[in-house]
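>>> A structural model of the following input is requested.
(2 chains)
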Amino acid sequence: MCRWVLILRWRKCYSTLAITANSKIAEYARLGQIDNARRVFDHIPHKGVVSWNSIIAGYFQNKQPSEAQSLFDQMPDRNLVSWNGLISGYVKNGMVDEARKVFDEMPERNVVSWTAMVRGYVEEGLVSEAEALFWQMPEKNVVSWTVMLGGLIQQGKMEEAQRLYDMMPVKDVVARTSMVGGLCQEGRLGEAREIFDNMPHRNVFSWTSMISGYAQNEKVDLARKLFEVMPEKNEVSWTAMLMGYIQSERIEEALELFDAMPIKSIVACNAMILGLGKNGKVTRARRIFDSMRVKDDAAWNAMIKVYERKGFDLEAFDMFRCMQRQGLRLNFPSLISVLSVCASLASVNHGRQIHAQLLRSKLDDDVYVSSVLITMYVKCGDLIKAKQVFDRFSLKDVVMWNSIITGYAQHGLADETLQAFREMCSLGIAADAVTFVGVLSACSYTGKVKEGKEIFEAMKSKYLVDPGTEHYACMVDLLGRAGHLVEAMDMINKMPVEADAIVWGSFMAACRNHMNLDLAEVAAKQLLQLEPQNAGHYVLLSNIFASKGKWGDVAKLRKHMRLRKVSRSPGCSWIEVDKKVHMFTGGEHMPHPEHPMIVEKLESLAALLREAGYVPDGSFVLHDLDEEEKVRSLGHHSEKLAIAYGLLKLPGGMPIRVMKNLRVCGDCHVAIKLISKVTGRLIILRDANRFHHFEDGVCSCNDYW
DNA sequence: GTAGGGTTAG
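So this is what the prediction gives:
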């Protein structure tokens, strides 16, 4: 008697233990600690079928389908749950074919098996396969119907979805919620609301679905009304509401809601960071980022993207490095952002490093990534490497062709640009608007007026691409540079759309280069109207007035500038030395630590230049200084500082690559040509528009920029 | 304790 009790007690205890072990397996698997789950599994003395099922599901959950399959093969006995688990495991790993094989081979099937398989097809977007299977099902229940419904909705087949929904014998909360979501996606808010209102039961999901529907369709206030009355909210509901404000750019209200959120989900934080970034509130975005206890890939990407978009390249890069130091894996969006950062910083070394990582993680055989890579190398001035990446890729799309075409154009290689353009056309790839910007600007940079005009005409008639403002800007630039100012003006007047600042800016520069002060004045006034905050326009107009001796107008303009609180966007140049980017600003507010040495170098250079016959040209300076002061101010233009630093730090024979955020000024251009001559160094300068290769006193732009 | 459905982002 006593013995039996003991045995029974022992058995009871044993089964409790097994259950605990099985839940431990599931728990570890959920946390991504599959090895711990396995350890628990291995220590169970007499493993039941549930333990096996649990560990197999765990491996599927942790993206190790082959290990799961191998365990399945070793199982002493399997039940229907094991088979169904295998199907759903493959489905979750996007392996429909494997799932189907299991489905065909299994000894018996129930509704769950069928539903899982239908779901598998739906996940892959194979709706017709899903439908075929669905109608073959020996029995269906609400879940199977809902899976099929979800598939149709996901594919945007709303009429079919509607029909299926009407046919459903039983509609529960889930099915109704699905339908609400589908209708909202189509903007059919009224119908969605009707289903919502007529639901016998509503839960958080249904409420959130309706709220999100309003929020996504620019009905934020309606969303808010519902949000206020919903009985219980979870973090997803809060986030859905938040997204509404962010998407309608109502950033203050978004912030208010965000601060009120009881639980700030990662999704909410990430969305808030991006939203703030879009609205220029970078510091606030950073504060939220720092406050996040757990940061996922998306959080890092969001922060990197915010910095990248704002042009805070160094910060973006630091962030990326920080992310890697935390041991986070490279992922697609952050790679794209950071490659753009490398491109904009023209940091070849960093770019190459990332390229290497790309190769290792096998992310490089993607059109998108390759195009960004090409652009990166182009902007870093390494056309050879850009071409290598380009050639390596077999299935090139327009974007990739555009990358290399624009690259050649920016380096002033018109023949290569045109050749690539022809090659692309002969391969039957349709040129788009971006292609023509590249081709036309190449013609413009190199004075190919005839070719440019022909291409511009062909663009409309032969390639059927409507010219946009950017193409007119190219044409105005092309004509203007070549001195056909009247024709350029004519082009502006004939434009179907209003000329923007870029068009007028090109025209302006042309007038200045060809010393047509009257037309320049017209252009400058237009520019001031279009961009009253851009200090560059004041500088230009002021220079024109000064050249004409209209000192009264100069004074008036300055006063105007002060009144409107316009400040010059600071010129800034940078150079990469020892894998570090060194920034230089024109003034002496934030001097480089090695400033004295650089100034010394500049002075010795100045002496050499004077010997070579260089006379500083003060007309490029805005400030009303006396001659000597002007020379000093010119001497400290940021590009010269950066070049001097490069001369000091980079071994002889190595090209000096300098980047500048504005267009290089005329005086610097003359001076740098001479510097390349007296020092015998190749100097590559990337300014806001294009590349200048200075060698032995000559620039690749032929003084035409 | 193990198998099938609905809500937030990029």
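
>>> pLDDT score for the one residue in the stretch 251-400 of chain A that gets nearest to DNA strand B?
Among all residues of the stretch 251-400 of chain A, residue A:298 sits closest to DNA strand B, at 3.1 Å; criterion: C-beta to the nearest atom of the strand. The C-beta positions use only the backbone N, C-alpha and C, and glycine is treated the same way. Residue A:298 is assigned 89 on the pLDDT scale.

>>> again with residue A:623
Reading off the model, residue A:623 has pLDDT 43.

>>> cool, and residue A:23?
Note on residue A:23: pLDDT of 92.

>>> what does it show for phi and psi?
Main-chain dihedrals, residue A:23, degrees, to the nearest 10: phi -70, psi -30.

>>> any idea how far it is from DNA strand B?
As defined by C-beta to the nearest atom of the strand, to the nearest Å, residue A:23 lies at a distance of 4 Å from DNA strand B.

>>> and the helix or strand hosting residue A:66, how far from the chain's centre?
According to DSSP states H and E, residue A:66 maps onto helix A:65-74. The chain centre lies 39 Å from the centre of helix A:65-74; the measure is C-alpha atoms, centre = their mean, to the nearest Å.

>>> what mean pLDDT does the helix or strand following that helix get?
Helices and strands here follow DSSP H and E; after helix A:65-74, the next one along the chain is helix A:80-92. For helix A:80-92, the mean per-residue pLDDT is 97.

>>> so which bits of helix A:80-92 are buried?
Going by neighbour count (16 or more other C-beta atoms under 10 Å), the buried part of helix A:80-92 is A:82-92.

>>> next, count neighbours for the closest residue in space to residue A:186 that isn't next to it in sequence.
Excluding its sequence neighbours, the residue lying closest to residue A:186 (C-beta to C-beta, 6 or more residues apart in numbering) is residue A:158, at 5.4 Å. Close neighbours of residue A:158, defined as other C-beta atoms under 10 Å, add up to 17.

>>> tell me the pLDDT at residue A:158?
95.

>>> for residue A:628, same thing?
Taking residue A:628 on its own, its pLDDT is 49.

>>> circling back: look up how far residue A:31 lies from the residue of the stretch 251-400 of chain A closest to DNA strand B.
The gap separating residue A:298 from residue A:31 is 19 Å, by C-beta to C-beta, to the nearest Å.

>>> who has more neighbours out of those two?
When residue A:298 and residue A:31 are compared for neighbours, residue A:298 comes out ahead with 19 against 11, by other C-beta under 10 Å.

>>> just the buried residues of helix A:80-92 that are near DNA strand B?
Residues of those in contact with DNA strand B (C-beta under 7 Å from any atom of the strand): A:82, A:84-85, A:88, A:92.

>>> in what helix or strand does the residue of the stretch 451-600 of chain A found nearest DNA strand B lie?
Evaluated by C-beta to the nearest atom of the strand, the stretch 451-600 of chain A has residue A:470 as its residue closest to DNA strand B, separated by 25.2 Å. Secondary structure from DSSP H and E places residue A:470 in helix A:469-481.

>>> from the chain's centroid, how far away is that helix?
For helix A:469-481, the distance to the chain centre is 28 Å (C-alpha atoms, centre = their mean).

>>> and the helix or strand following that helix with helix A:469-481, angle?
Heading C-terminal from helix A:469-481, the first helix or strand you meet, by DSSP H and E, is helix A:485-494. For helix A:485-494 against helix A:469-481, the angle by axes from the mean of the first three to the mean of the last three C-alpha atoms, to 10 degrees is 160 degrees.

>>> helix A:485-494 - contacts with which helices or strands?
Contacts defined by 3 or more C-beta pairs under 8 Å, 6 or more residues apart in numbering; DSSP states H and E place helix A:485-494 against helix A:469-481, helix A:501-513.
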